[in-house]
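Q: Below are the sequence and a predicted model for it; my questions follow.
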Number of protein chains: 2
Amino acid sequence: MNLKELSQILGLSQTTVSRALNGYPEVSEATRARVVAAAETHNYRPNPRAQGLATGHSRCIGHVISSKHSVETVNPIFGDFMAGAGETYARHGYEMMLTRVDADGEADAYRNLKARGAVDGVVVHAPCMDDARLPVLHEIDLPFVVHGRASGTNTPYDWLDVNNRRAFHDAAQYLLDLGHSRIALINGHEDMDFAMRRRTGFEDAMRAAGIEIDPELMVAGEMTEGHGYRNAQRMLGHHAPPTAFLVSSIISALGVRRALDARGLRVGEDVSIATFDDCISYLQNGADTPVFTAARSSVRAAGACLAEMLIDRIQNPSAPPATRLWEAEFVVGASTGPCPG
Amino acid sequence: MNLKELSQILGLSQTTVSRALNGYPEVSEATRARVVAAAETHNYRPNPRAQGLATGHSRCIGHVISSKHSVETVNPIFGDFMAGAGETYARHGYEMMLTRVDADGEADAYRNLKARGAVDGVVVHAPCMDDARLPVLHEIDLPFVVHGRASGTNTPYDWLDVNNRRAFHDAAQYLLDLGHSRIALINGHEDMDFAMRRRTGFEDAMRAAGIEIDPELMVAGEMTEGHGYRNAQRMLGHHAPPTAFLVSSIISALGVRRALDARGLRVGEDVSIATFDDCISYLQNGADTPVFTAARSSVRAAGACLAEMLIDRIQNPSAPPATRLWEAEFVVGASTGPCPG
DNA sequence: CTTGTCAGCAAAAGCGCTTTGGATCGGGTC
DNA sequence: GACCCGATCCAAAGCGCTTTTGCTGACAAG
C-alpha cells in the first residue's frame, strides 16, 4: 500500500492525504480523520526511503564502531549503551544504524555516511586525545555528540562525560585513607581520553599523599578479564606487591579477583580492589551489598541521554553546544579493607 | 555530488554513468575507466535512499532486539554477535539496523520493517518454542535466518544452532565420570529453545546414569552474574548441597564462583563448575589454560555465518532451506575435579 | 453586485537513482 | 547499394514521497 493507492481509495489527491497524515493545517479535521482511519485499516506505512529522498533526512542515527585496539575485542559496555540509546531513538521515531570499520576507517566511514545521506547524525564513541574524528565531522557538517571528551580539541562540541578524574581521585583517596600506599592502577588504553583522566585523578591523589608511584604498578590495556588477571598476577609476583588495586572496569576487576584467588589472597582483607562500575546489566555489582567498592555511573543512562542530546542537535543545529559532566557515585563494597600489616 | 552533476562534468548521460559504475556491459571500457576515475576524484557516493527507491531493496539487515524477559538486562553475547555479523555485512555492502522493542512488539516490528521496506531481511534472536515470530515472517514474506532453532515450528527455515543438547549431555557426563552425582543446573530462561535443549541433555545424562534429579538443584533465569550467585548460594545452603554446577553461561558461572568464594569453597576441588562458553571477547576463558571446564562455541563466528546465510537467502529466495548444526568444543579447565569424599 | 479572503483541495515539480526503449554510427553481408 | 547488426550512448519514465504553486468555491466586506 502506498500513498497513491491510498489516495485513490479515498478519492483524494496524494497531497491532501500526505498533509492529513503529517498534521498540516490546510486540511479539514473531517478529512483528516477519514484519511487517518483509512491509513490504519489498510495498514499504510510511508516508505522511509521515499520520505528521506523527498525531505533530505533519514531519521536514522549512525554508530560506527571501530576495532581500533583489537579486531577481536568488543567493548563490553556496548550492549547497554545501545539499549539506552535505542529506547530514546525509538521514542523519537529514529532508527539506529551500525557500521563496523577497521582500525582507522572511522573518519572515512563518517564521510561515507554523510555523502550518502545515510544518517542524520552520529554518536562518537571512545574519544581519544586530539581525536581526528571531530575535525572531520565538523568539516563535513554532520551532527554528532561525543560519549566522553576529547582533550586537545578546541572547537566546541556536544558531549556527555563522567568526571573520571574525580572518580579515580576519590577512589584512590579512599584506598589511601585505608592505609594503602602500594596501590596498583589497571587502566584502559591510555590513548583514550577517559583513561588518561582516570590516571590523572589517581596520580593527583597519590602525589597529594606524598607517595611516589611505582611505574611497575601502572598498566594500561584492553579492559578484558584476562588483562586484569595477567597484570595482577605479574604485580603480585613483584618483590613489593600492591596491597590495593584500582581498576578501570568491573570486567578487569573480575580478573584481578581471580588472580588473588589463585594466590590464596582474600579480597578485601589481604588485598583490596576498587573499580569503576559502568552498571553493566548482566554484571551487576551486587543487588544487595556491592561486591566491589566502586565509582559507578550507568552507561545505559549515558546512552539514553546522548541520544536525546543528538536528536536535539539535529533538530536545532545552531543551538549552543550542550555539555554534561556527570559525577560518579562512590559505593563502598566488600572488596576493600584496611591495609594489612 | 550526485549522479546528475557527475554526468554533466563528464559530458555523459546519467544512464551511462550509472551503468559504468554498476558494471553493466553496454559501456566501453575506456568510458568506464574515465567515469570511475571521475567518481573517485569527486568523491561521488550514490545516495542509498534513491538507490533503494529505484531498485526496491535497501541493502540493510534488521536486528530487532526485544526486552522480553527483562527491560533492564542486555544479552551479554549481543556485542560479539553483532561484531561477527557486522563484518560480514560490511564485506557484502550491507548495513545493519537495530530496532529495540518492548516485550511483545517483535512481530509488529517485523511487519513495520516490511511495510516500510526498511530492510531486506532480518535475523531472529533467541527463538523460543513455537515461536510466534516465524509464522509472521513467513506470512509477510520477509527473508530471515534464525540464531538457534524453534521447536514446534513445522515450516522449514534457515537456522544455525549449536548442538546444545549434546553439549550439556557431554558436560554432565564428564561431571558424572568424575564421580559427581549431586549436580546442579543453572540454566537460562527455559522458554528459550536452547535452554530447553540444554536441560534435556543434562537430564538425559543423569537419567542414563541412574541418578534422580533434585528439582531443588535446577533453576532457570536471566543469565546474569547475580543469577548465578544467588542460586548457587541458595543451593549451597541446601542440606545436601551440590558438588558440581553445570551453568549455561560463563557470566553466571562467575557468579557461582563468587558464591563458592564467599563460602570458602575451592573451585575445582571442593566444588566443580562446568559451563557453556560463548567465547565472549572480553571474558575469555583463559588464554593459556581454560579457567572453566566448558563447552564452547563462538557466538561471533555464529554471527558471521548467519549473516552470510541471510545474504544468500536474500539473493536467492527460492533456494532450499539451509541449516547448520555446530558441535560445541569441550575443553577441560581448572574448574572441575573429582568429587570429594 | 463586485471584490477580497480564506479554507480546502489538486497538479506537478522535484529528491537521486535505475532501467526501458530507442537513437546513432561504423562495418560487415548479400 | 540496401540492409542488418553489434557496440555505445542517451532521453525519459518511473520508484514513493513532500512541497510549491495554483485553483475553486463559499462567504463576508465594500
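A: Thanks, I have it.

Q: Please enumerate the strands of the stretch 1-150 of chain A.
A: A:60-66, A:95-101, A:121-124, A:144-147 (DSSP state E, counting those that start in this stretch).

Q: quick one: which of the ones you listed is nearest DNA strand C?
A: Among those, the nearest to DNA strand C by Cβ to the nearest atom of the strand is strand A:60-66 (15.8 Å). C-beta here means a position set from N, CA and C on the backbone, and glycine is covered the same way.

Q: Which strands or helices does the closest one pack on?
A: helix A:78-91, strand A:95-101, helix A:106-116, strand A:121-124 (3 or more Cβ pairs under 8 Å, 6 or more residues apart in numbering or on different chains; DSSP states H and E).

Q: partners of it, with directions?
A: strand A:95-101 (parallel), strand A:121-124 (parallel) (DSSP bridges).

Q: Need the contact partners of the shortest one.
A: With contacts defined as Cβ atoms under 8 Å, 6 or more residues apart in numbering or on different chains, strand A:121-124 is touched by A:61-64, A:85, A:110, A:113, A:131, A:133-134, A:137, A:142-147, A:306-307, A:310-311, A:313-314.

Q: and what of the longest one?
A: Among residues not part of strand A:95-101, those counted as contacts by Cβ under 8 Å, 6+ apart are A:59-67, A:82, A:85-86, A:89, A:108-109, A:113, A:118-119, B:60, B:82-83, B:86-87, B:89-90, B:95-99, B:118.

Q: are any of those buried, and which?
A: Neighbour counting over those (16 or more other Cβ atoms under 10 Å in any protein chain shown) leaves A:59-67, A:82, A:85-86, A:89, A:109, A:113, A:118-119, B:60, B:82-83, B:86-87, B:89-90, B:95-99, B:118 as the buried ones.

Q: for residue A:176, what are its contacts?
A: Going by Cβ under 8 Å, 6+ apart, the list of residues near residue A:176 reads A:183, A:205-206, A:209, A:211.

Q: Stretch A:34-44: how far from the chain's middle?
A: Centroid separation for stretch A:34-44 versus its chain: 40 Å, with Cα atoms, centre = their mean, to the nearest Å.

Q: repeat for stretch A:137-155
A: Centre to centre, stretch against its chain (Cα atoms, centre = their mean), the figure for stretch A:137-155 is 15 Å.

Q: Of all the residues in that stretch, which ones are buried?
A: For stretch A:137-155, a neighbour-count test (16+ other Cβ under 10 Å) marks A:137, A:142-150, A:153 as buried.

Q: Over to stretch A:215-232?
A: Neighbour-count burial for stretch A:215-232 flags A:217-232 (criterion: 16+ other Cβ under 10 Å).

Q: what's the answer for stretch A:309-319, then?
A: Per 16+ other Cβ under 10 Å, stretch A:309-319 contains these buried residues: A:309-314.

Q: How about stretch A:47-61?
A: A:47-53, A:58-61.

Q: Next to DNA strand C in this structure, residues from chain A, please.
A: For chain A, the residues in contact with DNA strand C (Cβ under 7 Å from any atom of the strand) are A:11-16, A:26-28, A:31, A:50, A:53-54, A:56.

Q: out of the buried residues of stretch A:137-155, who's nearest residue B:167?
A: Distances from residue B:167 to the buried residues of stretch A:137-155, taken as Cβ to Cβ, are shortest for residue A:147 (37.2 Å).

Q: Dig out what the closest one forms beta bridges with.
A: Assigned bridge partners for residue A:147, using DSSP bridges, are residue A:160.

Q: ok, back up a step: turn the strands of the stretch 1-150 of chain A into TSV, including distance to residue A:283.
A: Shown next, in TSV, are those (distance: least, Cβ to Cβ, whole Å):
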stretch	distance to residue A:283
strand A:60-66	20
strand A:95-101	22
strand A:121-124	23
strand A:144-147	19
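
Q: Distance to residue B:302 and mean pLDDT added to these, as JSON lines?
A: Listed next are the strands of the stretch 1-150 of chain A as JSON lines, based on distance: least, Cβ to Cβ, whole Å; pLDDT from 0 to 100:
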{"stretch": "strand A:60-66", "distance to residue B:302": "19", "mean pLDDT": "91"}
{"stretch": "strand A:95-101", "distance to residue B:302": "16", "mean pLDDT": "89"}
{"stretch": "strand A:121-124", "distance to residue B:302": "27", "mean pLDDT": "96"}
{"stretch": "strand A:144-147", "distance to residue B:302": "28", "mean pLDDT": "97"}
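
Q: Could you point out which of those sits nearest residue A:38?
A: Among the strands of the stretch 1-150 of chain A, strand A:95-101 sits nearest to residue A:38 (Cβ to Cβ), with 25.8 Å.

Q: quick check: angle from the closest one to helix A:106-116?
A: 140 degrees (axes from the mean of the first three to the mean of the last three Cα atoms, to 10 degrees).

Q: Name the residues of chain A found near DNA strand D, please.
A: Counting by Cβ under 7 Å from any atom of the strand, chain A sits next to DNA strand D at A:2-4, A:14-15, A:18-19, A:21-22, A:26, A:44-47, A:50-51, A:53-55.

Q: now do 6 Å
A: Proximity of chain A to DNA strand D (Cβ under 6 Å from any atom of the strand) is limited to residues A:2-4, A:14-15, A:18-19, A:22, A:46-47, A:50-51, A:53-55.

Q: Indicate the residue of the stretch 101-250 of chain A located nearest to chain B.
A: Here the stretch 101-250 of chain A gets closest to chain B at one residue, residue A:115, 3.9 Å apart by Cβ to the nearest Cβ.

Q: Isn't that residue up against residue B:39?
A: No: the criterion here is Cβ atoms under 8 Å, and residue A:115 misses it with residue B:39 at 11.2 Å.

Q: Within range of chain B, give me the residues from the stretch 201-341 of chain A.
A: A:222-226, A:230, A:251, A:254, A:258, A:261, A:267, A:280-284, A:286-287, A:291 (Cβ under 8 Å from any Cβ of the partner chain).

Q: Contacts for the helix or strand hosting residue A:228 next, please.
A: Residue A:228 belongs to helix A:225-236 when elements are defined using DSSP states H and E. Identification of contacts with helix A:225-236 by Cβ under 8 Å, 6+ apart yields A:184, A:186, A:216-217, A:219, A:221, A:241-242, A:245, A:247, A:249, A:251-256, A:258-260, A:262-263, A:265, A:271, B:282-284, B:286-287.

Q: In helices only, show me those residues.
A: A:251-256, A:258-260, A:262 (DSSP state H).

Q: Tell me the spacing between the residue nearest to residue A:131 when sequence neighbours are not counted and residue A:130.
A: Nearest non-adjacent residue to residue A:131, counting by Cβ to Cβ, 6 or more residues apart in numbering or on different chains: residue A:150, 3.9 Å away. With distances taken as Cβ to Cβ, to the nearest Å, residue A:150 is found 7 Å from residue A:130.
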